[in-house]
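K.L.:
Quick one, what's the 3D model for this:
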Amino acid sequence: MTTMSWHTQAVSPMPLRNEEFLHLALTIDASVMISRDGDEIPLKAGDLVFCDPGRSRSPRFADGGRIAFLRLPRCLLELSETDCDRLTGMVSGGGSGLGALVSSCLAELTSGGRDHRPETLHRLTRTTVDLLVVLVMELLQTEGGDLSTVPRGELLAQIQNHIEKHLTDPDLSPYSIARAHHISVRYLHKIFQHEGITVGQWLRQRRLESCRNDLRRTPNRRIAVSAVANRWGFVSASHFSRIFREEYGMSPSEWQALS
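P.N.:
Below you'll find the predicted structure:
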């Protein structure tokens, strides 16, 4: 049987490309994924991200966490080049469903493999590979079709309303938004492309505006910046401070003091 291998490191740099392998990133700590379009997507511990450094859709990872990169032989998946390209950059949440099961198995292999006998480890590896194949098929089927028949302008309004209602949800991302509207992530990006902005940028702007409004309210001056950031879905206080400064030219604390 073809084996898998892995290594754990701080997030960045990504392992070099090898055409025989597809990389699967298992987040050990909360982190932030940066997509090809520059969207910053928060990741929780246990989330899975498919990567291929040689493909344009392959994501990057911001500093501030640890990631275990799994080298998965492409021959195990039997995917076409088109499917590999579609799969690259996809995220599978590790909190529920099949993604949680795969994440749990991978975590056991990366951290507790030495505690098992070789026969047990071999069976666990085979089971994990089988589950990964099913997960890949599920992701590609979900991403493959756009079931919505709603006109683009009306659908955009529905999506923006959905985002407004769920701004405080740290799990809100292009992937969860697409699932909620029965469309692919690719189609979701296409809808926002007509507006001259990516969905991730629009989501980030709305969250930043909400944080800025909270920080300038007089009763909230004694509230910690990190608490405000967390309230509006930012999982990393350092990441929030950095993009706040980039957007408004000052730190959140400086803005709070001026308000």
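K.L.:
Go ahead and confirm Pro42 touches Pro170.
P.N.:
Yes: Pro42 lies in contact with Pro170 (Cβ atoms under 8 Å); the separation is 5.9 Å. Glycine gets a C-beta too; all of them are placed from N, C-alpha and C.
K.L.:
which residues are common contacts for these two?
P.N.:
Gly233, Phe234, Val235 (Cβ atoms under 8 Å, 6 or more residues apart in numbering).
K.L.:
For Val129, which non-adjacent residue is spatially closest?
P.N.:
Spatial nearest neighbour of Val129, excluding adjacent residues (Cβ to Cβ, 6 or more residues apart in numbering): Leu76 at 5.8 Å.
K.L.:
actually Gly233, not the one I typed
P.N.:
Counting by Cβ to Cβ, 6+ apart, the residue nearest Gly233 is Pro170, at 4.7 Å.
K.L.:
So that neighbour lies in a helix, does it not?
P.N.:
No: counting by DSSP: H, G, I helix; E, B strand; the rest coil, Pro170 falls outside a helix, being coil.
K.L.:
who does the residue nearest to Tyr175 when sequence neighbours are not counted bridge with?
P.N.:
The shortest distance from Tyr175 to any residue other than its chain neighbours is 5.2 Å, reached at Val91 (Cβ to Cβ, 6+ apart). Beta-bridge pairing for Val91 (DSSP bridges): Val49.
K.L.:
oh, and call the first residue 117 from now on, that's how I've got it
P.N.:
Shifting the count to begin at 117 puts that one at Val207.
K.L.:
Val207 reaches Gly162, doesn't it?
P.N.:
No: in this structure Val207 lies outside contact range of Gly162 using Cβ under 8 Å: 11.4 Å.
K.L.:
of these two, who's got more company?
P.N.:
Val207 (23 against 20; other Cβ atoms under 10 Å).
K.L.:
what residues are up against that one?
P.N.:
So Val207 contacts Met149, Ile157, Leu159, Asp163, Leu164, Val165, Ser289, Tyr291 (Cβ under 8 Å, 6+ apart).
K.L.:
now, which of those lie within strands?
P.N.:
Taking DSSP state E as the definition of strands, the contacts of Val207 contribute Met149, Ile157, Leu159, Leu164, Val165.
K.L.:
Could you write me a PyMOL select line covering just the buried ones among the residues you listed?
P.N.:
Buried residues among these (16 or more other Cβ atoms under 10 Å), as a PyMOL selection:
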select buried, resi 149+157+159+164+165
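K.L.:
Can I get the ones in strands among the contacts of Val207 in a markdown table including pLDDT?
P.N.:
Below are those laid out as a markdown table (pLDDT from 0 to 100):
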| residue | pLDDT |
| --- | --- |
| Met149 | 83 |
| Ile157 | 81 |
| Leu159 | 85 |
| Leu164 | 91 |
| Val165 | 90 |
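K.L.:
Tell me which two of the ones in strands among the contacts of Val207 sit farthest apart.
P.N.:
Spanning the widest gap among these are Ile157 and Leu164, at 12.8 Å by Cβ to Cβ.
K.L.:
who's in contact with Thr244?
P.N.:
So Thr244 contacts Met120, Val218, Cys221, Leu222, Leu225 (Cβ under 8 Å, 6+ apart).
K.L.:
my guess is the last one is in a strand, correct?
P.N.:
Translated: Leu225. No: according to three-state DSSP, Leu225 belongs to no strand; its state is helix.
K.L.:
So it sits against Leu240, correct?
P.N.:
Yes: between Leu225 and Leu240 there is a contact under Cβ under 8 Å: 6.4 Å.
K.L.:
still on that earlier bit, the more surrounded of Pro158 and Pro286?
P.N.:
Using other Cβ under 10 Å as the criterion, Pro158 and Pro286 rank with Pro158 on top: 19 against 15.
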